[in-house]
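Participant: next comes the sequence, and after it the predicted model I'd like to discuss.
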Amino acid sequence: MQTATIQFDKFQAAKDDDCQARILAAREKLGKRLVILGHHYQHESVYRHADYTGDSLKLSKYCDSLDAEYIVFLGVHFMAEVADILSRPEQIVVLPDLAAGCSMADMANLAKVERSYRELSKVLDFDQTITPVTYINSAADLKAFCGEHGGIVCTSTNAPKILEWGFSQREKILFFPDQHLGRWSGYKMGIPLEQMPVWDPDLPMGGLTAQQIKDAKILLWKGHCSVHQMFRKQNIDQFRAQHPDGKVISHPETAFEVCINSDYVGSTEYILRTVSEAEPGSKWLVGTELNLVTRLADEMKPQNKLVQFMSHVVCECSTMARIDPQHLAWCLENLAEGNIVNQIKVPEHEAKLAKLTLDRMLAVS
């Protein structure tokens, strides 16, 4: 039975250890009514409570097979939206802190994308010529835009295969919001860099001429991940000088010069699998978010593997870090008392179109 909502200000000054105990108590009270999904980039203080861990799509795909009434997502806003879209109607998806967003996703908002659609339509017939492809790291309304205009969603794992599908539909692709993933995926398909110009939504006609638009194969939205842009080729050069036998593995959200100078490039799941399966005693430089690398380094120590973070600058995802023990304890105690807080609910029409793009992606990949 619903009671008065417990206000978060009562948790702000709580110590982490106290919150850990309160989280466990609330979980016990909720029992099988609750499942917690934890993204790899989450801090260990909350990651430890996840029933399932993984990247955003892997976690969301669990949703329709879960019996739980409440799905608490330790991640960011767009991840919780995908979970809501793919879960059953009676399930409730909760994000412990609504301020946990994604700066990359914010770089391609619906207003800018729709304006770009109108501008591109002055040069060519968008709906006959361009397949819009959005990275899963985007808001639900962007996924819905793609659904409405014959587009699709991709992940860092399946992007090349999704691009192949996009080209089978139309001759060009508008790829957003991460230019680096789009560029690397296009490069792997053999598309010349000059045929992948950057579309800057803050400039008239994206900062391109009509001829550049006509000559392009992929229009890369000017967006990036604030974490992965911190990595540099000089980080790789320094590592190779110290460890000539070492290997470099990077996420495809890193800049092209980092990807092209890495031994392996792939998603978070790919990075974890590749390093975990490597020979004992091997040395690795890893270009992705700090919490994942720190956790992986600890896990590999028994095998005498060196796992080193690529940057000398701390590259923690600041929005992911907003999910702390205080917010998780507050969220779970409210749910245990029958109070639904921070529910993520995508509007029905938007969810229907967004699910269309996700279903297309799952069918293709």
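Facilitator: Now that the structure is in, tell me what you want to look at. Residues are numbered from 1 along each chain as shown.
Participant: which residue is nearest the middle of this protein?
Facilitator: The centroid of the chain falls nearest to Asn137 when counting by Cα atoms, centre = their mean (4.3 Å).
Participant: got a list of what that residue touches?
Facilitator: Contact criterion Cβ atoms under 8 Å, 6 or more residues apart in numbering gives 56, 78, 102, 104-105, 177-178, 225 as the residues in contact with Asn137. Using the backbone N, CA and C atoms, a C-beta is placed for each residue, glycine as well.
Participant: among those residues, name the ones in helices.
Facilitator: Restricting those to those inside helices, with DSSP state H as the criterion, leaves 56, 78, 104-105.
Participant: farthest-apart pair in the residues you listed, please.
Facilitator: Distances among the ones in helices among the contacts of Asn137 were taken as Cβ to Cβ; the most separated pair is Ser56 and Met104, at 12.1 Å.
Participant: need the three-state assignment for the residue nearest to the centre of the chain.
Facilitator: Secondary structure of Asn137, reduced to three states by DSSP: H, G, I helix; E, B strand; the rest coil: coil.
Participant: which non-adjacent residue is nearest Ala210?
Facilitator: Counting by Cβ to Cβ, 6 or more residues apart in numbering, Val123 is the residue found nearest to Ala210 once chain neighbours are left out, at 5.0 Å.
Participant: for Gly287, list each beta-bridge partner.
Facilitator: Ser250 (DSSP bridges).
Participant: begin at 43 from here
Facilitator: Sounds good: first residue 43 from here, last item Gly329.
Participant: now do the contacts for it.
Facilitator: Residues counted as contacts of Gly329 (Cβ under 8 Å, 6+ apart) are 270, 273, 277, 290-293, 296, 300, 304, 352-353.
Participant: for the strand or helix carrying Leu101, give the mean pLDDT please.
Facilitator: Here Leu101, judged by DSSP states H and E, is contained in helix 98-103. Mean pLDDT, taken over the full extent of helix 98-103, equals 76.
Participant: which secondary structure elements does that helix contact?
Facilitator: Judged by 3 or more Cβ pairs under 8 Å, 6 or more residues apart in numbering; DSSP states H and E, helix 98-103 is in contact with strand 76-81, helix 119-128.
Participant: would a markdown table of the ones you listed with mean neighbour count be doable?
Facilitator: Converted to a markdown table, the helices and strands packed on helix 98-103 look like this (neighbours: other Cβ atoms under 10 Å):
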| stretch | mean neighbour count |
| --- | --- |
| strand 76-81 | 23 |
| helix 119-128 | 26 |
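Participant: just send those back as a markdown table, with mean pLDDT too.
Facilitator: Converted to a markdown table, the helices and strands packed on helix 98-103 look like this (pLDDT from 0 to 100):
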| stretch | mean pLDDT |
| --- | --- |
| strand 76-81 | 94 |
| helix 119-128 | 91 |
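Participant: closest to Pro174 out of those?
Facilitator: Within these, the stretch nearest Pro174 is helix 119-128; the backing value is 16.4 Å (Cβ to Cβ).
Participant: okay, the angle between the closest one and strand 76-81?
Facilitator: Our comparison of helix 119-128 with strand 76-81, counting by axes from the mean of the first three to the mean of the last three Cα atoms, to 10 degrees, yields an angle of 130 degrees.
Participant: what does helix 119-128 contact?
Facilitator: Contacts of helix 119-128 (Cβ under 8 Å, 6+ apart): 79, 81, 98-99, 101-103, 105-106, 113, 115, 135-137, 140, 142-144, 147, 178-182, 185, 386-388, 393, 396-397, 400.
Participant: just the element for Leu216, please.
Facilitator: Since the elements are taken from DSSP H and E, Leu216 ends up inside strand 214-218.
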